[in-house]
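Q: quick one: sequence and predicted model below, then my questions.
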Amino acid sequence: MAKTHRFFSHHAHEFLRVAACTPIASVGDVAANAAATIALAKHGHDEACDLLVFPELNVTSYAIDDLHLQDSIQRATDAALAEIAAAAAKLKPVLLVGAALAKNGRLYNCAVAIHRGRILGVVPKSYLPNYREFYEKRWFASGYDIVDDEIAVAGQVAPFGIDLIFAASDLPHFIFHAEICEDFWAPIPPSTYGAMAGALVCCNLSASNVVIGKARQRMLLSAAQSERAICAYVFSAAGPGESSTDLAWDGQGMIHELGELIAESARFDDAAELLIADVDCGRVRQERIRNGTFNDTARAEGLEPGAFRRVTFEAKPDFADAGLRREIRRFPFVPNTPEKLDADCYEAFNIQVTALAQRIVAAKAERLVIGVSGGLDSTHALIIAAKAMDRLGRSRDHILGYTMPGFATSEGTKSNAWALMRALGVAGDEIDIRPAAEQMLKDMRHPFADGKPAYDVTFENVQAGLRTDYLFRLANQHNGLVVGTGDLSELALGWCTYGVGDQMSHYAVNAGVPKTLIQFLIRWCIRTDQYDAETDRVLEAILAQEISPELVPAGADGALQSTEERIGPYALNDFFAHYIVRHGMAPSKVAFLALKAWEDAGRGRWPRDFPASAKAAYDLPTIRGWLEKFLFRFFTISQFKRSAIPNGPKVSAGGALSPRGDWRAPSDGTAKPFLDELKANLP
């Protein structure tokens, strides 16, 4: 059932529903093409679309050659545009249709923007291909220098020129620009200027016949333009029904956002298609704020606000729950397609190995010193260390691995730690920290020393601190370098002991890797045979364990201390961190995205090798509860730890938390503005 609160509307979170339209063309039959356009426009209206992008010259069809110059075709085009505009009067979407229009004795290949019966504006094609199979200069004039002009069309007078962007007066993120086919093959596409002038969505009305490899070329250009111009890019090419006299057509439609493919149409289809996706204009807006080069280039090119004419219209959004027409990955740091997951894991793994190897050489370290708990993080740090030594041509017994059992260390993790060290061939040893911890607690007159079960933060940090203290002194003794094991997720949550604790090391090799990615990196190592069969067996056992700091003894029921019960599922925490750190999104939008990603375990793709038993779903109250805790931990109580972290490589484009890199923030900040925003905008 649709939900009525504004929170559930995609418009409330700066999404815009766009569609690349592929009508069935009728060669030169203008009335039939108008009917096909209207039919898809009505379909788009029913699907709650905001913007529909049709192919180049779809009103006449593209490949009619000299028929473009016939009076009958030109008059029929004007009548068809009037018919389309009349039909659009009762429809919600803005239509971008392709038509050839005459002015001052010249014919222009144009994009015509129509909304609720009004011709908003007409954009002429700037660059006309006249090579190989193209002869556009035979029929059309270039509009590359037309600005501040008007044109009569369909009984209306509309702005005409390449200096137009279109903006909804009542939906601030609905701002778009239009260019036509060859324009985005140009060295500097017109959409580059349109984006710098403020358009968040750039559209391409294309005919673009197909030859072998051309679809890949279009995909590359569309992705690159959305990345370079920091925009969403909607591309619609001519498809079924176009003339095949000397050419063929595949009807490729695609929607990109910041270089990422959001949706792609079927190709060589016989049916009309409406490729629909919700593009995140808020994400585009935030990315531009962060990218100083984009704004500096706009200034250098003289594209200050007002450089383009801004044609305004009323979108009249109802902020209803229309769902979300795009896939939101449950794990932002983990691709959900096997090929990209393998590629990302390969890069992440080698970034860490290369960075650690460089630090070993630079520090002139003879050995690496690492605490091996048998948990995920120390396991990953150890296998990275082993591979770094391999790469440097050094024996793995130059790695000194120490298991340091405390008051709650389980036999399972301890045995896994030893099994892993033996399998990898590192120099393993064990230091029981309990006697030293007991002495410290006794010296402090802590209640535990009197036999009381006082398992407070002091009790926990005495153990964490002693482990780190031993590692640093061992590094002194052996001319070694302490390898940090803590990950990005723990830094985000402050789930680490400050100073003489697991927050500190000589080199924090895992500091740029979130917990969710570490699990997949270990799985990737197993799948790609990075190590031997015995190592793989131990890695499988470690992956199957409950995540626990093992600092508090098990309760009467034998249950171990659970990290995720205390601070929340790492899957959600990594989701929150990605959208807040990388994109600066408001907490209410993060909650909306989390709900769309996690509300149904059976919907969407899960990453490769993800255990079926671990597939979970979270409802909005659950998401809200953990998000509130994340915001408090991240903004109020944890920054001082991040402000003093050791060096470590940035791994993911999703960001890092080093004060020397992606993230700078006051150590005495507050979560109040973020918690207030969440409270104000959630139902």
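A: Sure thing, it's come through. Residues are numbered from 1 along each chain as shown.

Q: kindly check the end-to-end length of stretch 83-102 for me.
A: 18 Å (C-alpha to C-alpha, to the nearest Å).

Q: so how far is it from its chain's centroid?
A: 33 Å (C-alpha atoms, centre = their mean, to the nearest Å).

Q: average pLDDT for it?
A: On average, the pLDDT along stretch 83-102 is 98.

Q: for that stretch, buried residues please.
A: 83-85, 87-88, 91-102 (16 or more other C-beta atoms under 10 Å). Using the backbone N, CA and C atoms, a C-beta is placed for each residue, glycine as well.

Q: same check on stretch 575-589?
A: Under 16+ other C-beta under 10 Å, the buried positions of stretch 575-589 are 575-583, 585-589.

Q: which secondary element of the protein has the worst mean pLDDT?
A: Within the chain, no helix or strand scores below helix 563-567, which has a mean of 89 by mean pLDDT, DSSP states H and E.

Q: which residues are in contact with it?
A: 493, 495, 547-549, 570, 573, 629, 633 (C-beta atoms under 8 Å, 6 or more residues apart in numbering).

Q: now those residues as JSON lines including secondary structure and neighbour count?
A: Output for those, formatted as JSON lines (DSSP: H, G, I helix; E, B strand; the rest coil; neighbours: other C-beta atoms under 10 Å):
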{"residue": "493", "secondary structure": "helix", "neighbour count": "24"}
{"residue": "495", "secondary structure": "coil", "neighbour count": "22"}
{"residue": "547", "secondary structure": "coil", "neighbour count": "17"}
{"residue": "548", "secondary structure": "coil", "neighbour count": "21"}
{"residue": "549", "secondary structure": "coil", "neighbour count": "22"}
{"residue": "570", "secondary structure": "helix", "neighbour count": "24"}
{"residue": "573", "secondary structure": "helix", "neighbour count": "26"}
{"residue": "629", "secondary structure": "helix", "neighbour count": "18"}
{"residue": "633", "secondary structure": "helix", "neighbour count": "18"}
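
Q: show me which of these is closest to residue 677.
A: residue 629 (15.7 Å; C-beta to C-beta).

Q: and the closest residue in space to the closest one that isn't next to it in sequence, how many neighbours does it have?
A: Using C-beta to C-beta, 6 or more residues apart in numbering and skipping the chain neighbours, the partner closest in space to residue 629 is residue 568 (6.0 Å). Neighbour count for residue 568, taken as other C-beta atoms under 10 Å: 22.

Q: residue farthest from the centroid of the chain?
A: Distance from the C-alpha centroid of the chain peaks at residue 450, with 52.7 Å (C-alpha atoms, centre = their mean).

Q: and it, what does it touch?
A: Contacts of residue 450 (C-beta under 8 Å, 6+ apart): none.

Q: distance check, it against residue 553.
A: 16 Å (C-beta to C-beta, to the nearest Å).

Q: mind listing what's buried along the helix ranked longest in the chain?
A: Across the chain, the helix with the greatest residue count (assigned by DSSP state H) is helix 338-363. For helix 338-363, the neighbour count (16+ other C-beta under 10 Å) marks 341-342, 344-345, 348-349, 351-353, 355-357, 359-360 as buried.

Q: on the three-state scheme, the nearest residue to residue 142 once chain neighbours are set aside is what?
A: Nearest residue to residue 142, sequence neighbours excluded (C-beta to C-beta, 6+ apart): residue 128, at 5.4 Å. Going by DSSP: H, G, I helix; E, B strand; the rest coil, the secondary structure assigned to residue 128 is coil.

Q: residue 128 contacts residue 136, doesn't it?
A: Yes. Residue 128 lies in contact with residue 136 (C-beta atoms under 8 Å); the separation is 4.0 Å.

Q: which residues are in contact with each of the two?
A: By C-beta under 8 Å, 6+ apart, the residues touching both residue 128 and residue 136 are 109, 182.

Q: still on that earlier bit, pLDDT and distance to residue 232 added to the buried residues of helix 338-363, as CSV?
A: Output for the buried residues of helix 338-363, formatted as CSV (pLDDT from 0 to 100; distance: C-beta to C-beta, whole Å):
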residue, pLDDT, distance to residue 232
341, 93, 25
342, 94, 28
344, 95, 23
345, 96, 28
348, 97, 27
349, 97, 32
351, 98, 29
352, 98, 33
353, 98, 36
355, 98, 34
356, 98, 38
357, 98, 40
359, 98, 40
360, 98, 44
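
Q: just those residues now: which is nearest residue 681?
A: residue 344 (32.7 Å).

Q: grab the nearest non-local neighbour of the closest one.
A: Looking at residue 344 with C-beta to C-beta, 6+ apart, the closest residue is residue 335, at 5.6 Å.

Q: distance check, that neighbour against residue 308.
A: Counting by C-beta to C-beta - residue 335 and residue 308 are separated by 37 Å.

Q: still on that earlier bit, any idea how far the residue nearest to residue 142 lies from residue 185?
A: 11 Å.

Q: the two - which one has more neighbours?
A: More neighbours surround residue 128 than the other of residue 128 and residue 185, with 23 against 14 (other C-beta under 10 Å).

Q: could you give the bridge partners of residue 95?
A: Beta-bridge pairing of residue 95 under DSSP bridges involves residue 52, residue 114.

Q: got a list of what it touches?
A: So residue 95 contacts 37, 41, 52, 54, 84, 88, 112-115 (C-beta under 8 Å, 6+ apart).

Q: got those residues as TSV, with distance to residue 539 columns?
A: Converted to TSV, the contacts of residue 95 look like this (distance: C-beta to C-beta, whole Å):
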residue	distance to residue 539
37	57
41	55
52	50
54	53
84	61
88	60
112	60
113	57
114	59
115	58
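
Q: between those, which is nearest residue 394?
A: residue 52 (61.6 Å).

Q: the closest one reaches residue 38, doesn't it?
A: No. Residue 52 lies out of contact with residue 38 (C-beta under 8 Å); the separation is 11.0 Å.

Q: ok, those two, which is more surrounded?
A: Counted by other C-beta under 10 Å, residue 52 and residue 38 do not tie: residue 52 has more neighbours, with 31 against 19.

Q: ok now do the more buried one, which residues does it touch?
A: 18-19, 21, 40-41, 44, 93-96, 274.

Q: just those residues now: which is nearest residue 637?
A: So of those, ranked by how close each gets to residue 637 (C-beta to C-beta), first place is residue 18, at 41.2 Å.
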